[in-house]
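Student: Make a model of this:
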Amino acid sequence: MKEVVINLGGEGEAPGAIDVNNPIILDKRWRCSRNGCTLEEVRQGCIVVCCGDKIPFHDHCADKVITNSVPIDIMTWMGPGYSSKEIKRIRK
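Tutor: Sure, this is the predicted structure:
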């Protein structure tokens, strides 16, 4: 069975991962912080758009959750960061 990896850093930093981003990614002015690409240019795999307080995955579904430089349990200019409770909920 294939390992399920969820990348909360978004923007495709982890090949083969399901990338999760907050709704600001839908703004036409949004650009990837890594390389300046638009959403359409970045979209190589599966990108999920959600708020950080409710990650839309089943309990204990992810083998790995990557949180590379993402805000956790704090408010940012883009809205709330990811909830540590949600991260624990989706991890196996």
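Student: So what's the residue count around Asn22?
Tutor: Using other Cβ atoms under 10 Å, Asn22 has 20 neighbouring residues. Yep, even glycine has a C-beta here, placed from its N, CA and C like the rest.
Student: Please disregard the earlier target; I meant Ile90.
Tutor: With other Cβ under 10 Å as criterion, Ile90 counts 19.
Student: any idea how far it is from Val4?
Tutor: 9 Å (Cβ to Cβ, to the nearest Å).
Student: try Asn35
Tutor: Going from Asn35 to Val4 by Cβ to Cβ gives 26 Å.
Student: out of the two, which sits in the busier spot?
Tutor: Here Asn35 and Val4 are compared on neighbour count by other Cβ under 10 Å; more neighbours surround Val4, at 16 against 10.
Student: tell me the contacts of the one residue sitting closest to the centre of the chain?
Tutor: Central residue of the chain (Cα atoms, centre = their mean): Val20, 2.3 Å from the mean position. Listed by Cβ atoms under 8 Å, 6 or more residues apart in numbering, the contact partners of Val20 are 6-8, 10, 47-50, 55.
Student: Kindly recompute the last result at 10 Å.
Tutor: The contact partners of Val20, taken as Cβ atoms under 10 Å, 6 or more residues apart in numbering, are 6-10, 46-50, 52, 55-57, 65-66, 70, 82, 90.
Student: what's the answer for Leu26, then?
Tutor: So Leu26 contacts 39, 49 (Cβ under 10 Å, 6+ apart).
Student: any idea where the strands of the protein begin and end?
Tutor: 5-7, 18-21, 47-49, 64-66, 75-76, 79-80 (DSSP state E).
Student: Now distance to Arg29 too, for those strands, in a markdown table please.
Tutor: Listed next are these as a markdown table, based on distance: least, Cβ to Cβ, whole Å:
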| stretch | distance to Arg29 |
| --- | --- |
| strand 5-7 | 23 |
| strand 18-21 | 14 |
| strand 47-49 | 16 |
| strand 64-66 | 26 |
| strand 75-76 | 17 |
| strand 79-80 | 16 |
